[in-house]
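[1] Pasted the sequence and its predicted model underneath.
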Amino acid sequence: MSDTTQMLDDALDRLLTRQLGDAMARNAADLPETLMAEVLEAGFALVLAGEENGGFDGTLTDAANIAWRCGWHAAPVPIVEMLLLAHLYPDADLATVTLAHGNPAIAPTLKNTQSITTGDTVVAANTAKPFDHISRALWLRLDGVDANLDNTTKAMGALLTTAAMTGAMARVLEIVTDHATTRTQFGRPLSKFQAIQHQLAEATSELTITEAALANALEAHDADAGRALLWNSAKAQAGVAATKVAATAHQVMGAIGFTEEHELHHFTKLLWQWRDSWGRQVDCELAIGQAACAAPDGLWAYITEKSKEPA
């Protein structure tokens, strides 16, 4: 991590700790707008923007660190879309524009959102159908419209989302481990029960695999050697890990994890949202399988990069 990236991470951590340190503060209706304004004012969304546009001209790895920190705090801001918008449309007003992805196109929205870009068109936000995501965030859906984003943007979105997911999963496991260590049952800590040890070990293993896949994909992307296999694998694995980590967390925590006074459900709901954003697990796995079957030199050569990736 460069000095600049470390400085940004420290500053973002302080901002989000101040705003989200109290679990009950997360229930404030105006929290997303308040956080959005502070994040934009501090310039955290401009990591990928060029210096000529007031940005940091950073790498995708730099941007992933910002997404990771937002995931660590379960910040209710569309950080992935903000980072990409600043990169794709330097003149866009990030407070009023949102970026759509998927088929049909969906996009996160806040109270000030006025327009949606789908890659090749811009439409008014009030022409889209609003729906509440599982995280309780408000999203917009453009029925009959596909987001026409190029493959590079899709890969960046998938990897930034994966980074946010790894941050959230790391924090979830920290919360659950602390609970298991301090909560006693039948005269001993929960962490002493072998079944719980196994559950936490499996969840941690899935996160570790995701972090390795993400690091590999980010390194390749920043070296202009990115492959669909790498980012699809990272995003698919993130879906596997999120399912395991969230399930384990709520099994260990019990009903307390769903109460308003506890922070856990804010993380797990975001994980379930991100699991289906910028590449659902099933779609990523299908893309990997189709590409492998179409590889001219067979599966092994495709995996080991000894044959060209199919178009």
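    Thanks, I have the structure now.
[2] Where does the prediction get shaky in the stretch 151-300 of the chain?
    Scanning the stretch 151-300 of the chain for pLDDT under 70 picks out no residues.
[3] Now do the helices in it.
    151-182, 194-222, 228-253, 264-275, 281-294, 299-303 (DSSP state H, counting those that start in this stretch).
[4] Now do the contacts for the residue lying closest to Ile288 once chain neighbours are set aside.
    In this structure, Ile288 finds its nearest non-sequential neighbour in Asn232, 5.1 Å apart by C-beta to C-beta, 6 or more residues apart in numbering. Quick note: C-beta positions are derived from backbone N, CA and C, even for glycine. Residues near Asn232 by C-beta atoms under 8 Å, 6 or more residues apart in numbering: Ala158, Gly279, Cys284, Glu285, Ala287, Ile288.
[5] isn't the first one right up against Gly279?
    Yes - with contact defined as C-beta atoms under 8 Å, Ala158 reaches Gly279; the gap is 4.5 Å.
[6] Overlap in contacts, those two.
    Trp231, Asn232, Lys235.
[7] Put together CSV for these, with distance to Met7 on each row.
    Shown next, in CSV, are the shared contacts of Ala158 and Gly279 (distance: C-beta to C-beta, whole Å):
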residue, distance to Met7
Trp231, 27
Asn232, 32
Lys235, 29
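[8] Distance of Ser277 relative to Ala29?
    23 Å (C-beta to C-beta, to the nearest Å).
[9] What subset of the contacts of Asn232 is buried?
    Ala158, Gly279, Cys284, Glu285, Ala287, Ile288 (16 or more other C-beta atoms under 10 Å).
[10] Kindly indicate which of those lies nearest Leu140.
    Gly279 (19.0 Å; C-beta to C-beta).
[11] Give me the neighbour count for Gly21.
    The number of residues packed near Gly21 is 11, by other C-beta atoms under 10 Å.
[12] actually Ile134, not the one I typed
    13.
[13] Just list the residues touching the nearest residue in space to it that is not next to it in sequence, thanks.
    Distances taken as C-beta to C-beta, 6+ apart put Trp272 closest to Ile134, at 5.0 Å, once the chain neighbours are dropped. By C-beta under 8 Å, 6+ apart, the contact list for Trp272 reads Ile134, Ser135, Ala242, Ala246.
[14] could you list every residue that touches His133?
    Trp139, Gln273.
[15] for the stretch 1-150 of the chain, which spans come out with low pLDDT?
    The stretch 1-150 of the chain contains residues with pLDDT under 70 at 1.
[16] And the strands in it?
    For the stretch 1-150 of the chain, the strands defined by DSSP state E, counting those that start in this stretch occupy 97-99, 105-108, 115-117, 122-124, 129-132, 138-142.
[17] List the contacts of the fifth one.
    Contacts of strand 129-132 from elsewhere in the structure, counted by C-beta under 8 Å, 6+ apart, are Thr109, Leu138, Trp139, Leu140, Arg141, Leu142, Asp143.
[18] please redo it, this time with the cut-off set to 6 Å
    Leu138, Trp139, Leu140, Arg141 (C-beta atoms under 6 Å, 6 or more residues apart in numbering).
[19] Derive a PyMOL selection command for the buried subset of those residues.
    Buried subset of these, written as a PyMOL selection, criterion 16+ other C-beta under 10 Å:
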select buried, resi 139+140
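[20] Adding distance to Leu46, write the contacts of strand 129-132 out as TSV.
    What follows is these, written out as TSV (distance: C-beta to C-beta, whole Å):
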residue	distance to Leu46
Leu138	24
Trp139	24
Leu140	24
Arg141	28
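[21] before we move on, the earlier item: out of the helices of the stretch 151-300 of the chain, which comes closest to Glu51?
    Nearest of the helices of the stretch 151-300 of the chain (C-beta to C-beta): helix 194-222, 17.3 Å.
[22] The closest one to helix 151-182, inter-axis angle?
    Calculated by axes from the mean of the first three to the mean of the last three C-alpha atoms, to 10 degrees, helix 194-222 forms an angle of 150 degrees with helix 151-182.
[23] tell me the contacts of the closest residue to Thr162 other than its chain neighbours?
    Excluding the flanking residues, the one nearest Thr162 by C-beta to C-beta, 6+ apart is Ala238, at 4.4 Å. Shown in contact with Ala238 (C-beta under 6 Å, 6+ apart): Thr162, Met165, Thr210.
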